[in-house]
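1. Pasting the sequence and the predicted model now:
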2 protein chains.
Amino acid sequence: MNYPNRITKQSKNTLYGNRGMNLEHELNETNNYYLVNDIAVIYKKPTPITITKVDYPSRVEAVIKEAYFKVPSTTDYNGIYKGRYIDFEAKETKSKSFPLANIHKHQIEHLEKIVKHGGISFLIVRFTLKNTTFLLETTKLIEYIKNNDKKSIPYEYFEENGYIIKDKFNPRIDYLSIVDKIMEG
Amino acid sequence: MNYPNRITKQSKNTLYGNRGMNLEHELNETNNYYLVNDIAVIYKKPTPITITKVDYPSRVEAVIKEAYFKVPSTTDYNGIYKGRYIDFEAKETKSKSFPLANIHKHQIEHLEKIVKHGGISFLIVRFTLKNTTFLLETTKLIEYIKNNDKKSIPYEYFEENGYIIKDKFNPRIDYLSIVDKIMEG
């Protein structure tokens, strides 16, 4: 569970502006660009939690007083682009290779199901050390897992089997330009 | 904001089993049926909240100590069926007509955007007094709003412009059988 870390990171962003802006923040900006410009409708899902205690200080306002983070059963992002169902998970890593422990097993199964049902699903992985962001299709992810016993995917595998998403000003992470290539192919 | 009510209802269900099982619960069962039988991948999104305080009683566990319900910007349910993007909102009402206050303005806008981008979007509305559940396509919802000043949609409008979703044993609310008709038409 890495939600608590993520929350800390977000409040840092709020304090220091764009410095160290993380992948989640940049993807939210990108998705907002797609939405406002009528290109796609893709959202990050809310963090799944279990609420155990709610207070009602007034008739209209409710305050959650106790809740727990749940293990997500799906990915963080989904939506629609050019009539196609889009689904992905996004992760940042400080390591030199991508630790598979960063994705839950049922998230990988979910990505596979999406492909089976005719959707487009993938991982977006940022290597912060190299400041490089890749899109890796689910088929390539599964291929690696099936053929390797390692607990992480090397950077080189992303170079050879993924697509680099170049940083832009607006939209910041134009992953749909890669999805266009996937659709054509 | 009607989340607090929903939470109360759910805990009632836990206590009394199927008696008074609500629409949300039945839809979750239905979606699980679709998932397990490899028919579709459709999930309810987690309730959107803003977390303001988190405690770390141990290294592994985090407890949310203060959080607030957010107004949702999208609908509750989305996913993929036969390669198509599916998106809907589900509501129960004890009234004789369906109060439009039950859906947020930006949820209606969201449903419209989905249609525009080639997806299938709709409302599922249950009238508890009549124990009848309808599927109403977004186009019909918009048509009503554009041509009427009323604050609610009469039951008869659903009868004339919607589809009745018959109760079944399994899946309980087989709304995809209606989506099949929509796809054919």
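-> Sure, I can see it. Only a predicted model underlies this, so the values are computations on that prediction, with no experimental measurement involved. Numbers count the residues shown, from 1 in each chain, chains lettered A, B, ... in the order given.
2. Quick test: name the residue nearest the centre of chain A.
-> A:Ala90 (2.2 Å; C-alpha atoms, centre = their mean).
3. does that residue sit in a helix, a strand or a coil?
-> Here A:Ala90 is recorded as strand under DSSP: H, G, I helix; E, B strand; the rest coil.
4. give the contact list for the closest residue to A:Gly118 other than its chain neighbours.
-> If the residues on either side of it in the chain are set aside, A:Gly118 comes closest to B:Gly83, at 2.9 Å by C-beta to C-beta, 6 or more residues apart in numbering or on different chains. Every C-beta, even on glycine, is put in place using the N, C-alpha and C of the backbone. Shown in contact with B:Gly83 (C-beta atoms under 8 Å, 6 or more residues apart in numbering or on different chains): A:85, A:117-119.
5. Quick check: B:Gly83 vs A:Tyr85, distance?
-> Plainly put, B:Gly83 is 7 Å away from A:Tyr85 if you go by C-beta to C-beta, to the nearest Å.
6. Mutual contacts of these two, please.
-> Contacts common to B:Gly83 and A:Tyr85, judged by C-beta under 8 Å, 6+ apart, are A:117-119.
7. Looking at the residues you listed, which are in helices?
-> In this view, these have no member that belongs to helices under DSSP state H.
8. filter these to the buried ones?
-> A:117, A:119 (16 or more other C-beta atoms under 10 Å in any protein chain shown).
9. Report the mean confidence score over stretch A:112-130.
-> Averaged over stretch A:112-130, pLDDT sits at 97.
10. Straight-line length of that stretch, end to end?
-> Stretch A:112-130 stretches 28 Å from its first residue to its last (C-alpha to C-alpha, to the nearest Å).
11. which stretches of chain A form strands?
-> A:40-44, A:49-55, A:63-69, A:77-81, A:84-93, A:97-99, A:120-127, A:132-137, A:152-154, A:163-164 (DSSP state E).
12. Dump those to a markdown table, plus distance to B:Val125.
-> Output for those, formatted as a markdown table (distance: least, C-beta to C-beta, whole Å):
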| stretch | distance to B:Val125 |
| --- | --- |
| strand A:40-44 | 23 |
| strand A:49-55 | 25 |
| strand A:63-69 | 28 |
| strand A:77-81 | 23 |
| strand A:84-93 | 24 |
| strand A:97-99 | 45 |
| strand A:120-127 | 31 |
| strand A:132-137 | 38 |
| strand A:152-154 | 46 |
| strand A:163-164 | 43 |
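13. Quick one: closest of the ones you listed to B:Thr128.
-> Relative to B:Thr128, the nearest member of these by C-beta to C-beta is strand A:49-55, separated by 23.4 Å.
14. Just the buried positions in that closest one, please.
-> So, applying 16+ other C-beta under 10 Å, buried residues of strand A:49-55: A:49, A:51, A:54.
15. List the contacts of that strand.
-> A:62-70, B:4, B:7, B:46-47, B:49, B:64, B:67.
16. Model confidence score at A:Lys53, please.
-> Looking at A:Lys53, the pLDDT reads 94.
17. now A:Ser11
-> In this model, A:Ser11 carries a pLDDT of 39.
18. ditto for A:Asn2
-> So, for A:Asn2, pLDDT stands at 41.
19. My read is that A:Arg126 contacts A:Leu136, right?
-> No. If you go by C-beta atoms under 8 Å, A:Arg126 and A:Leu136 don't touch, sitting 11.6 Å apart.
20. Show me which of the contacts of strand A:49-55 are buried.
-> For the contacts of strand A:49-55, a burial check counting by 16+ other C-beta under 10 Å picks out A:62-64, A:66-67, A:69, B:4, B:7, B:46-47, B:49, B:64, B:67.
21. Just give me the closest of those to A:Gly79.
-> Using C-beta to C-beta, those come closest to A:Gly79 at B:Pro46, 15.7 Å.
22. wouldn't the closest one be in contact with A:Lys44 here?
-> No. Look at B:Pro46 against A:Lys44 with C-beta under 8 Å: they stay out of range, at 10.9 Å.
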